[in-house]
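Q: I need the structure of the sequence given here:
(chains A and B)
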Amino acid sequence: MDGDATLETAASLVGVVAAGDLTARGATREALDRVIRMDASLGAMVHVSAERALARARQLDEAPPAGPLHGVAIALKDNICRAGEPTTCASRMLTGWAPPYDATVVRRLEAAGAVLVGKTNMDEFGMGSSTETSAFGPTRNPWQLGCVPGGSSGGAAAAVATGMVQVAIGSDTGGSIRQPAALCGVVGLKPTYGRVSRYGLVAYGSSLDQMGPLARTVADAARVLEVVAGPDSRDATCMDEGPWTWAPRPIAGMRIGVLTRLVEGPGLQPEVAEALAKAMAWYEAAGCTLVPVAMPELAWAIPTYYLLATAEVSSNLSRFEGMRFGLRREADDLGGTLERTRSEGFGAEVKRRILLGTFALSAGHQEAYHGRARKVRQLLTEAHDRVFRDVDVLLSCTSPTTAFPLGSRLDDPLAMVLSDVATVGANLAGLPALSVPCGFDRKGLPIGMQLQGPRGGEAIILDAGHAYERAHPWWTARPPVAWDLQPLAGGTRA
Amino acid sequence: MPIDPEEVRHVARLARLVLDEDEVTRMSRDLGVILDHMAVLAEVPVDDVEAPVHASPLPTRLRPDIPEPSLDRDALLAGAPRVEDGMFRVPRIL
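A: As a prediction, the model looks like this:
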């Protein structure tokens, strides 16, 4: 482990700043330096707000350290609104648009002392699993620049993996936090639906969307969730509970369900299966009970997800009509302006999903497609509820494969979405799910393990992830692109 | 099985998208491939299933009826492509 690696977590950075060994300004300069040095080869950031971040850090230095994220550099996925800062969803449709208000998560992060340094690249409007559909161009995987970082929060995962920021906030509609976290070797947490306010998140699939942290360690992800979770009068789907807090508990006695088809078998890269088998053996040795879970209903998950998500897309993206925000392409009449604006503003993948969703909701097809998918979703939710009567945590791969080469899946409309097989279930059933690094393949690409919990069960999946991570500190490995970094020198940069 | 190009054009009109001929061909093929994959759902027994109207299991709540300032009009209009006299400028419809 590198001597300075511990400074790359939010927890240790907050401690160092509190001890007076580094100022918030010094920490922010370091983050900005890393962006400058590394991002030309990665394309993780689409907007850097250097002056605003430094001004904020200066303010923090003038007040006594108080918040749990005091001085921590955080990047936001570019579909999260921050007043006065470009928020484009990596789409031509919103190029140059800056929202007039802050998302609830933004207000809570800033109140906790976080320094927001910029926006991260993503698949356009979150639609993709590779960050290749971004209007800004793709982000590259820091472990191998010829590979994708996953998506849609690919920029967020790459920024955290290279230590540009300690934490990034992503959004997850069908795996968009967890899959890039797995492919870039970081921790990604999708909270229970309703745990985090969606106010200020540009909507993709409103019944599936949830924001959450990408971080180096499980404890950092929990620390950020403690800050951003909680009721919000601006989001009626938010759980009406008091503050959410976490303290790690021992895992001995935990019943770990193993989704057999998602830890072995066809479609799984053998090295992913091997890494998961080792993790399972470790859990067993640590006093947990492994319970095989078949869950044949999962065969319905991708079709159900795809129909429901695209139906919500067709509705949510109807607001982009060139009148109130973003792009407008004038034509002779109203209809022509709407059509020109939308046809020139949206990229191919977004159009494909709008068309599929519109088809699934159109007269003559609505009951057979959308209506049926809603019912199957209910069956999937009940199937998950049944499983969680017998197990505490559900273990599987996060992604069946490690990172794939840029361009290799773009032309096949199904290949991309089929790789979401392990992740969409948690969105459909509204469950919390965590991806934790669990090794590397022979090419040196990271492997992720997914731990799902029952609704409201973030604590138990964090317990399971944290215990594994302490015994297997994969997170301390650094991607080659970050190897030339100078250590964060205490105080000297302040 | 590719879906009928005429159906693609119809759906595109509903979604206010204009597709060129290449796009119609590609979407007809792509949507066909995707819908073939959806066919598995036709086999699922759903006759007795009641789908909830909302994904959230929580009851609908109202927030306290306390007036709060709304967003500033100028700030909202600042992001609009065309503005006139403090309003969104839209194409004529009559």
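
Q: contacting residues around stretch A:434-441?
A: By CB atoms under 8 Å, 6 or more residues apart in numbering or on different chains, the surrounding residues in contact with stretch A:434-441 are A:177-179, A:181-182, A:185-190, A:218, A:221, A:269, A:271-272, A:275-276, A:278-279, A:398, A:402, A:446-453, A:461-462, A:464-465, A:468-469, A:472, A:474-475, A:477. All C-beta atoms are positioned from the backbone trio N, CA, C, and that covers glycine.

Q: Weed out the non-buried ones from those.
A: With burial judged by 16 or more other CB atoms under 10 Å in any protein chain shown, the buried subset of these is A:177-179, A:181-182, A:185-190, A:218, A:221, A:269, A:271-272, A:275-276, A:279, A:398, A:402, A:446-453, A:461-462, A:464-465, A:468-469, A:472, A:474-475, A:477.

Q: mind listing which of these are in helices?
A: A:178-179, A:181-182, A:218, A:221, A:271-272, A:275-276, A:279, A:461-462, A:464-465, A:468-469 (DSSP state H).

Q: Low-confidence stretches in chain A?
A: A:1-7, A:483-494 (pLDDT under 70).

Q: Kindly recompute the last result at 80.
A: Across chain A, the ranges flagged by pLDDT under 80 are A:1-7, A:64-66, A:265, A:413, A:416, A:482-494.

Q: Nearest residue to the middle of it?
A: By CA atoms, centre = their mean, chain A has its centre lying nearest to A:Ile177, at 1.9 Å.

Q: Next up, the contacts around it.
A: With CB under 8 Å, 6+ apart, A:Ile177 has these contacts: A:Ser153, A:Ala156, A:Gly170, A:Ser171, A:Gly188, A:Leu189, A:Lys190, A:Gly212, A:Pro213, A:Leu214, A:Ser435.

Q: Find the nearest non-adjacent residue to the third one, please.
A: With CB to CB, 6 or more residues apart in numbering or on different chains as the criterion, A:Gly170 has its nearest non-adjacent residue at 3.2 Å, and that residue is A:Ser153.

Q: quick one, phi psi at the one you found?
A: With angles defined as degrees, to the nearest 10, A:Ser153 sits at phi -80, psi 50.

Q: I figured it was touching A:Pro213, is that so?
A: No: with contact defined as CB atoms under 8 Å, A:Ser153 does not reach A:Pro213; the gap is 10.4 Å.

Q: which of those two has more neighbours?
A: A:Ser153 (38 against 32; other CB atoms under 10 Å in any protein chain shown).

Q: residue boundaries of the helices in the stretch 351-494 of chain A?
A: Counting by DSSP state H, counting those that start in this stretch, residue ranges of the helices within the stretch 351-494 of chain A are A:372-390, A:415-418, A:424-429, A:458-471.

Q: Just give me how far the shortest one sits from the chain centre.
A: Translated: helix A:415-418. 18 Å (CA atoms, centre = their mean, to the nearest Å).

Q: so what does that helix touch, helix or strand wise?
A: helix A:301-316 (3 or more CB pairs under 8 Å, 6 or more residues apart in numbering or on different chains; DSSP states H and E).

Q: just the CA coordinates of the helix it packs on, formatted as PDB?
A: Taking C-alpha atoms only, helix A:301-316 is exported to PDB below (Å, rounded to 0.1, in the frame of the first residue of the first chain):
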ATOM      1  CA  ALA A 301     -35.800  -8.500 -15.400                       C
ATOM      2  CA  ILE A 302     -34.200  -7.000 -18.500                       C
ATOM      3  CA  PRO A 303     -37.300  -7.000 -20.700                       C
ATOM      4  CA  THR A 304     -39.300  -5.500 -17.900                       C
ATOM      5  CA  TYR A 305     -36.700  -2.900 -17.100                       C
ATOM      6  CA  TYR A 306     -36.300  -1.900 -20.700                       C
ATOM      7  CA  LEU A 307     -40.000  -1.500 -21.400                       C
ATOM      8  CA  LEU A 308     -40.700   0.500 -18.200                       C
ATOM      9  CA  ALA A 309     -37.600   2.600 -18.300                       C
ATOM     10  CA  THR A 310     -38.100   3.600 -22.000                       C
ATOM     11  CA  ALA A 311     -41.800   4.300 -21.400                       C
ATOM     12  CA  GLU A 312     -40.800   6.700 -18.600                       C
ATOM     13  CA  VAL A 313     -38.100   8.200 -21.000                       C
ATOM     14  CA  SER A 314     -40.700   8.900 -23.600                       C
ATOM     15  CA  SER A 315     -42.700  10.800 -21.100                       C
ATOM     16  CA  ASN A 316     -39.900  12.500 -19.100                       C
END
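
Q: so who does A:Leu334 touch?
A: A:Leu334 neighbours (CB under 8 Å, 6+ apart): B:Val90, B:Pro91, B:Arg92, B:Ile93.

Q: From B:Pro45, how far out is the residue nearest to A:Gly170?
A: Per CB to CB, to the nearest Å, A:Ser153 is found 36 Å from B:Pro45.

Q: Could I get the contacting residues of the nearest residue to A:Arg329 once chain neighbours are set aside?
A: With CB to CB, 6+ apart as the criterion, A:Arg329 has its nearest non-adjacent residue at 4.0 Å, and that residue is A:Arg340. Neighbour list for A:Arg340: A:Arg329, A:Glu330, A:Ala331, B:Val18 [criterion: CB under 8 Å, 6+ apart].

Q: Against A:Met323, how distant is the first one?
A: Pointing back at A:Arg329 there. 12 Å.

Q: Then the second one?
A: Spatial separation of A:Glu330 from A:Met323 under the definition CB to CB is 12 Å.

Q: With neighbour numbers in mind, choose between the two.
A: Shown here are A:Glu330 and A:Met323; by other CB under 10 Å, A:Met323 has more neighbours (19 against 13).

Q: Spell out which parts of the stretch 351-494 of chain A neighbour chain B.
A: A:351-352, A:354-356, A:358-359, A:362, A:368-369, A:371-379, A:413-414, A:430, A:455 (CB under 8 Å from any CB of the partner chain).

Q: does A:Gly212 sit in a helix, a strand or a coil?
A: Here A:Gly212 is recorded as strand under DSSP: H, G, I helix; E, B strand; the rest coil.

Q: What strand or helix carries residue 37?
A: Defaulting to chain A. Assessed by DSSP states H and E, A:Arg37 sits inside helix A:24-42.

Q: actually it's chain B I care about, not the one you picked
A: helix B:21-38.

Q: Look up how far A:Ala53 lies from the nearest residue to A:Arg249 once chain neighbours are set aside.
A: Closest residue to A:Arg249 apart from its sequence neighbours, by CB to CB, 6+ apart: A:Asp463 at 5.1 Å. Distance of A:Asp463 to A:Ala53, given as CB to CB: 34 Å.
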